[in-house]
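>>> okay, predicted coordinates and the sequence, questions at the end:
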Amino acid sequence: MAFPLTHLCVAWRINRNAQFLLGSIAPDAVHYRAEFMGESVKNIGATKKVTHLCPVSNERWGQVTDNDGWVECVKNFARQARSEHHGRSEQSERFPRHRGSISSATCSLEAGYKVGYEAGYKSGYSHNFAAGYAAHCLTDLWNNKTLWHNYRTRHPKEAAKGYASGYYADLRNIDSHLFFEHPDVADIMQTLEIAVPEEIPGIVFAKEVDAIKNNILHEHFKDAVFDTNYHYEFVTYEDTMKFIETAAKFVADVLKDILEDVLEDVLEDSR
């Protein structure tokens, strides 16, 4: 699905709160769970369906077809997050906490990991972190309906190659292009730097969220090279820039009645 800077650029168009930005990369933090490091990453699909709030099905990650069900799962998550924090001010309690696992009748979280408190990190989550988390899931859902769907439909043999496909080579170069040339990247990174790791019980550990944050800030782009002569084969930088714009509006449209306070910036921009 979408790469880290694409997620962060979508989130930046919606809300520039540090915890929201951190939430917008958190569903992929499962890549930093010990059991999925190295070669074992090929077994990560079922768990990514859990962390991305997908509907329960026998479909593999990346092959989800019930987009409407996926939307409902994310909305259920957002509603419960909202109800947990409704009436509380993050000024009076910076990290309001949810102590149980969020679940619904149709979501993969029901079969997910029951993660607990990890010493040294926030147990539970803030309203902005949960909203950013929902934004990530919806961004990948939008990708599933648009760029990814078009690619899989038109190039099934190439798609079968997984991470070794030319599509992912395109995405890696796009991520580097964003890093070196997107006007907001410096501000995005500075804001992400101050975010405090949180966890959503039943989905991701704060330790994993801390790991993905630190990787993006200090490792992921350390040796990155933007090849100005790169020939895009399946998805282009221009496609991605358009995707960032439309994904932000899609997220706002889905969540506007649930998280309107968090989505104020993008809603104002879309009026």
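Sure thing, it's come through.
>>> leaving out the residues flanking it, which one is nearest to Asp66?
Nearest residue to Asp66 in three dimensions, chain neighbours excluded: Pro55, at 5.0 Å (CB to CB, 6 or more residues apart in numbering). Using the backbone N, CA and C atoms, a C-beta is placed for each residue, glycine as well.
>>> now that neighbour. Its backbone dihedrals?
When quoted as degrees, to the nearest 10, the phi and psi of Pro55 stand at phi -70, psi 150.
>>> distance check, it against Val204.
19 Å (CB to CB, to the nearest Å).
>>> got it, and Gln63?
22 Å.
>>> does Pro27 touch Cys137 like I think?
Yes - because the distance of 5.9 Å satisfies CB atoms under 8 Å, Pro27 is recorded as touching Cys137.
>>> which residues do those two both contact?
Residues touching both Pro27 and Cys137 comprise 52-53, with contact defined as CB atoms under 8 Å, 6 or more residues apart in numbering.
>>> ok, the spatially closest residue to Arg82 that is not a sequence neighbour to Val235 distance?
Across the structure, with CB to CB, 6+ apart as the measure, the residue nearest Arg82 apart from its sequence neighbours is Ile258 (5.5 Å). Ile258 sits 30 Å away from Val235, taking CB to CB as the criterion.
>>> may I have the one helix or strand Ala131 maps to as PDB, with CA atoms only?
When elements are assigned from DSSP states H and E, Ala131 belongs to helix 127-145. Once side chains and other backbone atoms are set aside, the C-alpha atoms of helix 127-145 remain, and they are given as PDB (Å, rounded to 0.1, in the frame of the first residue of the first chain):
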ATOM      1  CA  HIS A 127      -7.800  11.400  20.400                       C
ATOM      2  CA  ASN A 128      -5.500  12.800  17.800                       C
ATOM      3  CA  PHE A 129      -3.400   9.600  17.700                       C
ATOM      4  CA  ALA A 130      -6.600   7.500  17.100                       C
ATOM      5  CA  ALA A 131      -7.800   9.900  14.400                       C
ATOM      6  CA  GLY A 132      -4.400   9.700  12.600                       C
ATOM      7  CA  TYR A 133      -4.600   5.900  12.900                       C
ATOM      8  CA  ALA A 134      -8.000   5.900  11.200                       C
ATOM      9  CA  ALA A 135      -6.700   8.200   8.500                       C
ATOM     10  CA  HIS A 136      -3.900   5.800   7.700                       C
ATOM     11  CA  CYS A 137      -6.300   2.900   7.300                       C
ATOM     12  CA  LEU A 138      -8.600   5.000   5.100                       C
ATOM     13  CA  THR A 139      -5.600   6.200   3.000                       C
ATOM     14  CA  ASP A 140      -4.700   2.500   2.300                       C
ATOM     15  CA  LEU A 141      -8.400   1.800   1.600                       C
ATOM     16  CA  TRP A 142      -8.400   4.600  -0.900                       C
ATOM     17  CA  ASN A 143      -5.200   3.200  -2.400                       C
ATOM     18  CA  ASN A 144      -6.900  -0.200  -2.600                       C
ATOM     19  CA  LYS A 145      -9.700   1.400  -4.600                       C
END
